[in-house]
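Visitor: show me how the following folds:
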Amino acid sequence: MMYTEDDWSDLPELLESAQEFLELGLIDDARDLLDKYRPVFQEYWEYHYLYSRVYAEQNMPREAVSCLIAGLRIERDNIDCLLGIFYAFAMMNAVRRGGRFLLEAHRLYPDSEPVYSALIWYYTEINEPDRAIACFERAKALNSNNPDTYRNGGLAFDRLGRAEEAANCYKAALQISPNFDEARDLYADHLIFNGKADAAVALFEEALRESPKNARHISKLIYCVSQRGDFDRAEALAKHSISLYPNSPTGYLDLAYVNLNTGRMDEATQNADKAISVAPIDAEGYRVKAIACSERGDHEAADALFEKAIALDPENTDAMRDYYQHLRAAGRHKRMIDTVNKVITIEYPHCTEDYWFLADYYREKRQNADAFRCLRLAYNTMPTEKELLPPMIEILLEQGHTKYSLPLFASYVQKSGWTEAMNGFTRHKHFRDGFTQEGIRFLRFTGQRPAAFREYVFKHYLFRFGLMYYTAVSAALAIPAGLLFGWAGVGGAAALYAASLGAIAAIRALKHKWAAAKAHRPEKSKNGQNYS
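Guide: Got it, this is the predicted structure:
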């Protein structure tokens, strides 16, 4: 077909029309429009950038990258194309590869708020949340009205276990953009994780008052209601969703999950079948049915259904997690380990639970070295998950590595205070010598004080454990600091007491090490390995 000059829109009109189609979800119309004007506008970076949006909406990130690279060839320092490539690589779980383009954008535009907003997410994804928080503060100073910045900040604060600040970020994102569904979902998940299911329920009840038939909000409300154990209401909501949208699989799937949670496996299977009949290429129906078969002990059927679900959606890590749980129950451990490792590859660093699962399996098999390795890797991905520390301490003590258990012991007390778990460890046979007991008394005293006091003591007394060996410098600094701080009254006296115990432990430790060195007898374990 030939077009005359009057048939063509100018570039701004084209951009506006294509953008409108994309916002309305009319992806095919946007693509057709761009194809029509390719001969005229393909020399403009904006054309390639909009075409990348079409591919991104169709979940085709590789093709989106190709378009954006074409845009960069036209304008090498274009910030939109650089950021677009970063996000496209993120869609392919290649955040670090995309990070090169983001860092280049930051070099070219050091005061760009969109770049800082992206950097928050980037550093959170590569497990550097402290740097993410620094970028969040900078982005907020440059533009305090970007909901994406607050969403990303919430993720970073969550990574650090700073729950109140994370909640404030999610709330700020929703205040700026009340229809920001992703921020609402993240906030609800945050509330549930922190034991506030009622607040999560209220969040979606409020959203439904504005949009009573929003299927997404109804589905999320069913999940939140189920999390607080109100399964009768969850079932009623799921049936209401089915009545509103009988040709959608969502309501049937929600009802099937309620059935699973209440132990009604046959009903779960029936509702999963209904979801499959409505949407035969949707992986979720097969996943739910597979869980029900696994719970009934029908391992062969469950295997086939899980494989079908994963074949339909190869990146569905939730289905893979259900699958490896099933494989453990079925005794297919090699396949289980392979599946867990595949999830870790896709999800890293958001794979703490997967490492923890492997650690539990290896612990059950008495493979303590593998269990400890997995626990350590889990802790690296989530340093705020302090409950990973006690099982690590337990393994080290079982293996006779007392020296290496003590830094973890101290870290746990610093983060959690003195708990019943620590009482159990103090009675361990490897902690019976006198100078170790002095250090433990120091820890018990400090751990029973408020969090602010613990933070002060651990920060200012340079508390470092080997075999409870303080350095002479830490001992020398502790007592004068305690005396100076003593002007503050009772708190200072407590700090002085704690420092004194530490100094005593240090002196004893140094004396012990001097005697061992003088006798040329390094400490060894029973099997002769030198742990000093």
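Visitor: alpha carbons only for contacts and neighbour counts from here, please
Guide: Will do.
Visitor: which helices and strands sit right next to the host helix or strand of residue 243?
Guide: Here residue 243, judged by DSSP states H and E, is contained in helix 231-244. Counting contacts by 3 or more CA pairs under 8 Å, 6 or more residues apart in numbering; DSSP states H and E, helix 231-244 is packed against helix 215-227, helix 249-261.
Visitor: next, the angle from it to helix 249-261.
Guide: Angle between the axes of helix 231-244 and helix 249-261 is 160 degrees (criterion: axes from the mean of the first three to the mean of the last three CA atoms, to 10 degrees).
Visitor: so for helix 231-244, mean pLDDT?
Guide: On average, the pLDDT along helix 231-244 is 96.
Visitor: repeat that for stretch 95-110.
Guide: The model assigns stretch 95-110 a mean pLDDT of 95.
Visitor: chain center to it: distance?
Guide: Relative to its chain's centre, stretch 95-110 lies at 22 Å (CA atoms, centre = their mean, to the nearest Å).
Visitor: quick one: contacts of that stretch?
Guide: 77, 79, 82-83, 85-90, 112, 115-116, 118-119, 122, 125-126 (CA atoms under 8 Å, 6 or more residues apart in numbering).
Visitor: for it, which positions count as buried?
Guide: For stretch 95-110, the buried set under the neighbour-count rule, 16 or more other CA atoms under 10 Å, comprises 95, 96, 98, 99, 101, 102, 103, 104, 105, 106.
Visitor: now do stretch 158-169
Guide: For stretch 158-169, burial by neighbour count (16+ other CA under 10 Å) applies to 158, 159, 160, 163, 166, 167, 168, 169.
Visitor: export only the CA atoms of that stretch, formatted as CSV.
Guide: These are the backbone C-alpha positions of stretch 158-169, laid out as CSV (Å, rounded to 0.1, in the frame of the first residue of the first chain):
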residue,chain,number,x,y,z
ASP,A,158,13.0,-5.0,53.9
ARG,A,159,16.3,-6.6,52.9
LEU,A,160,18.0,-5.0,55.9
GLY,A,161,15.2,-6.0,58.2
ARG,A,162,14.2,-2.4,58.9
ALA,A,163,10.5,-3.1,58.9
GLU,A,164,9.2,0.3,60.0
GLU,A,165,11.1,2.2,57.4
ALA,A,166,10.1,-0.3,54.7
ALA,A,167,6.4,0.1,55.7
ASN,A,168,6.8,3.9,55.5
CYS,A,169,8.2,3.6,52.0
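Visitor: distance from the chain centre to it, please.
Guide: On CA atoms, centre = their mean, the centre of stretch 158-169 falls 12 Å from the chain's centre.
Visitor: what is the nearest of the buried residues of stretch 158-169 to residue 141?
Guide: Nearest to residue 141 among the buried residues of stretch 158-169 is residue 169, at 14.2 Å by CA to CA.
Visitor: that closest one and residue 153 touch, don't they?
Guide: Yes - look at residue 169 against residue 153 with CA atoms under 8 Å: they come within range, at 6.2 Å.
Visitor: and the helices in the stretch 51-200 of the chain?
Guide: For the stretch 51-200 of the chain, the helices defined by DSSP state H, counting those that start in this stretch cover 61-74, 79-91, 95-108, 113-125, 129-142, 147-159, 163-176, 181-193, 197-210.
Visitor: of those helices, which is nearest residue 291?
Guide: helix 181-193 (22.5 Å).
Visitor: tell me the mean pLDDT for that closest one?
Guide: Helix 181-193 shows a mean pLDDT of 95.
Visitor: and that helix with helix 215-227, angle?
Guide: 0 degrees.
Visitor: contacts for helix 181-193?
Guide: Residues contacting helix 181-193 (CA under 8 Å, 6+ apart): 151, 158, 163, 167, 170-171, 173-174, 197, 199-201, 203, 220, 224, 227.
Visitor: what of stretch 306-316?
Guide: Looking at what lies outside stretch 306-316 - CA under 8 Å, 6+ apart - the contacts are 281, 282, 283, 284, 285, 286, 287, 290, 319, 320, 323, 346.
Visitor: could I have the buried ones of those residues as ChimeraX selection syntax?
Guide: In ChimeraX, this line selects whichever of those come out buried by 16+ other CA under 10 Å:
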select :282,283,284,285,286,287,290,319,320,323,346
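Visitor: in a markdown table: the buried residues of stretch 158-169, plus distance to residue 315 and pLDDT.
Guide: Putting the buried residues of stretch 158-169 into a markdown table (distance: CA to CA, whole Å; pLDDT from 0 to 100) gives the following:
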| residue | distance to residue 315 | pLDDT |
| --- | --- | --- |
| 158 | 24 | 93 |
| 159 | 23 | 90 |
| 160 | 26 | 89 |
| 163 | 29 | 93 |
| 166 | 27 | 97 |
| 167 | 29 | 97 |
| 168 | 31 | 97 |
| 169 | 29 | 97 |
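Visitor: returning to that earlier point: now the two most distant members of the contacts of helix 181-193.
Guide: Using CA to CA, the contacts of helix 181-193 span at most 24.0 Å, a distance reached by 173 and 227.
Visitor: more neighbours: those two, which one.
Guide: Neighbours per residue (other CA atoms under 10 Å) separate residue 173 from residue 227, with residue 173 holding more: 27 against 20.
Visitor: that one against residue 150, yeah?
Guide: Yes - using CA under 8 Å, residue 173 is in contact with residue 150, at 5.3 Å.
Visitor: could you pull up the residues touching the closest residue to residue 219 other than its chain neighbours?
Guide: Spatial nearest neighbour of residue 219, excluding adjacent residues (CA to CA, 6 or more residues apart in numbering): residue 254 at 6.7 Å. Contact analysis of residue 254 by CA under 8 Å, 6+ apart lists 219, 222, 223, 238.
Visitor: just flag the most distant two among these.
Guide: 223 and 238, at 9.9 Å, using CA to CA across the contacts of residue 254.
Visitor: thinking again about what came up before, out of the buried residues of stretch 158-169, flag the one nearest to residue 49.
Guide: residue 169 (30.0 Å).
Visitor: distance check, the residue most central in space within the chain against residue 77.
Guide: The chain has residue 350 as the residue nearest its centroid, 4.2 Å off, counting by CA atoms, centre = their mean. If you measure residue 350 against residue 77 using CA to CA, to the nearest Å, the figure is 32 Å.
Visitor: over to residue 360?
Guide: 49 Å.
Visitor: who has more neighbours out of those two?
Guide: The neighbour count for residue 360 versus residue 77, taken as other CA under 10 Å, is higher for residue 360 (20 against 15).
Visitor: show the pLDDT at the more buried one.
Guide: pLDDT, residue 360: 96.
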